[in-house]
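K.L.:
Just a sequence and a predicted model for now, questions to come.
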Amino acid sequence: MINLIFYIALTLTIFLVLALLLAPVILRPSRAARRILEMVQSDRPDQRSVGGKERMQETILSMAKGVQSRFGLAEDEKLKKRLMSAGFRSSGSIGAYSSSRLGGPLIGIAIGSFIRPNTIFWALSIAVAFYLIPDMWLGIMVKKRRERIRKSLPDALDLLVICVDAGLGLDQAMLRVGQELAISHPDINQEFMQINLEQLAGKHRLEAWRSAADRTQIAEFSSFVTMLTQADRFGTPIVRALSRFSDEIRMKRRHRAEEMAAKTKIKILFPLVLFIFPCIFVVLLAPAILNITRNMQMFK
């Protein structure tokens, strides 16, 4: 009976904590509603009557934000940059990530409590694993997105050279290239669209390029931004600079492919020794071993 009450209390505690953590994601207004609220916002005192449902939502949201800030899971710039580097730009991504990091250990403790031998060990181990899984998953998503941007950069540079050579300005060329690569390379499209939106919002061109390099953290993209900055500062013809940089990027990609091909000779040794050679030995030596054993039985 005591164990049953303990499990019921633990389940209710986990449910309430998860509800508080997911409240900013579930109860947040839609994008259209937020846009309407921004348009109708004024400095005049609000004289309308607030209903009980709105008061409850505000109370739950404030409690959820207080819980997140107390556990150190409030919004910070470093986490926001990591999420943007992984491609998550929505307003609820930070809340979902924080909720998973705080709710995961609670779920792990609940799962580990059902394992009878070494219950404390399994509960702590599963809780630590569930706490680390969101961060590891986010790191994997960041690496995959950087690799996709690195692979799509030569194609984007070739299209930039064509657009600029056709008479478009650099900003218009980036916008056009981003639209053309929206299906085949959506990640580079997001970066180019973000650069265009930041420039429309009033940010200087060089600052928008540098912020894109900080988000991606790719050596090739940083070199691309440095090249554009130098061309804009010293008045170098942009078509010539883009053509040379595109050739350099393709040459680096070819060298990287040759390096990876050379490494396969070493990497293939481990599957050969562990999986292929034992099968060959079994096929070659098994008949001889069977014949030897049969002949020894005949002599007996």
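P.N.:
Received, thanks.

K.L.:
Can you show me the helices along the stretch 1-150 of the chain?
P.N.:
2-26, 31-40, 52-70, 77-85, 93-112, 119-165 (DSSP state H, counting those that start in this stretch).

K.L.:
now the third one: mean pLDDT?
P.N.:
Per-residue pLDDT over helix 52-70 has a mean of 63.

K.L.:
With the longest one instead?
P.N.:
Across helix 119-165, pLDDT averages out at 87.

K.L.:
name the helices or strands packed onto that helix?
P.N.:
If contacts are counted by 3 or more C-beta pairs under 8 Å, 6 or more residues apart in numbering; DSSP states H and E, helix 119-165 sits against helix 77-85, helix 93-112, helix 170-180, helix 186-200, helix 219-234, helix 238-267. All C-beta atoms are positioned from the backbone trio N, CA, C, and that covers glycine.

K.L.:
Just list the residues touching V225, thanks.
P.N.:
W209, R210, A212, A213 (C-beta atoms under 8 Å, 6 or more residues apart in numbering).

K.L.:
export these to JSON lines and tack on secondary structure?
P.N.:
Listed next are those as JSON lines, based on DSSP: H, G, I helix; E, B strand; the rest coil:
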{"residue": "W209", "secondary structure": "helix"}
{"residue": "R210", "secondary structure": "helix"}
{"residue": "A212", "secondary structure": "helix"}
{"residue": "A213", "secondary structure": "helix"}
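
K.L.:
pLDDT for those residues - can I get that in JSON lines?
P.N.:
JSON lines is the format used below for the contacts of V225 (pLDDT from 0 to 100):
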{"residue": "W209", "pLDDT": "84"}
{"residue": "R210", "pLDDT": "85"}
{"residue": "A212", "pLDDT": "85"}
{"residue": "A213", "pLDDT": "85"}
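
K.L.:
Of those - the most surrounded one?
P.N.:
When neighbours are counted by other C-beta atoms under 10 Å, W209 leads the contacts of V225 with 24 neighbours.

K.L.:
got the helices and strands packed on helix 119-165 as CSV, with distance to L153 and mean pLDDT columns?
P.N.:
Converted to CSV, the helices and strands packed on helix 119-165 look like this (distance: least, C-beta to C-beta, whole Å; pLDDT from 0 to 100):
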stretch, distance to L153, mean pLDDT
helix 77-85, 16, 81
helix 93-112, 25, 79
helix 170-180, 11, 87
helix 186-200, 7, 87
helix 219-234, 5, 82
helix 238-267, 6, 83
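
K.L.:
Could I get the ones you listed in JSON lines, plus columns for distance to S125?
P.N.:
Converted to JSON lines, these look like this (distance: least, C-beta to C-beta, whole Å):
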{"stretch": "helix 77-85", "distance to S125": "25"}
{"stretch": "helix 93-112", "distance to S125": "7"}
{"stretch": "helix 170-180", "distance to S125": "46"}
{"stretch": "helix 186-200", "distance to S125": "36"}
{"stretch": "helix 219-234", "distance to S125": "38"}
{"stretch": "helix 238-267", "distance to S125": "32"}
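
K.L.:
Of all those, which one is nearest A129?
P.N.:
For the helices and strands packed on helix 119-165, the distance to A129 is smallest for helix 93-112, at 6.5 Å, taking C-beta to C-beta.

K.L.:
May I see the buried residues of that closest one?
P.N.:
By neighbour count on 16 or more other C-beta atoms under 10 Å, the buried set for helix 93-112 is 93-106, 108-110, 112.

K.L.:
S152 against L181, yeah?
P.N.:
Yes. Contact criterion C-beta atoms under 8 Å: S152 and L181 qualify, at 6.8 Å.

K.L.:
got any residues that touch both of these two?
P.N.:
I188.

K.L.:
about what we covered before: okay, the contacts of V225 in a markdown table with distance to I268 next?
P.N.:
Output for those, formatted as a markdown table (distance: C-beta to C-beta, whole Å):
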| residue | distance to I268 |
| --- | --- |
| W209 | 42 |
| R210 | 42 |
| A212 | 38 |
| A213 | 37 |
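
K.L.:
which one of these is nearest I14?
P.N.:
Taking C-beta to C-beta as the measure, I14 lies nearest A212 of those, at 40.7 Å.

K.L.:
close enough to count as contact, that closest one and I195?
P.N.:
Yes. Between A212 and I195 there is a contact at 5.4 Å, judged by C-beta under 8 Å.

K.L.:
burial measure for F114, as a count.
P.N.:
There are 10 residues near F114, going by other C-beta under 10 Å.

K.L.:
cool, and D247?
P.N.:
D247 - counted by other C-beta under 10 Å - has 12 other residues nearby.

K.L.:
Give me the distance between it and L124.
P.N.:
55 Å (C-beta to C-beta, to the nearest Å).

K.L.:
which secondary structure elements does the host helix or strand of P287 contact?
P.N.:
Per DSSP states H and E: P287 is located in helix 277-299. Helix 277-299 sits against no helix or strand, with contacts defined as 3+ C-beta pairs under 8 Å, 6+ apart.
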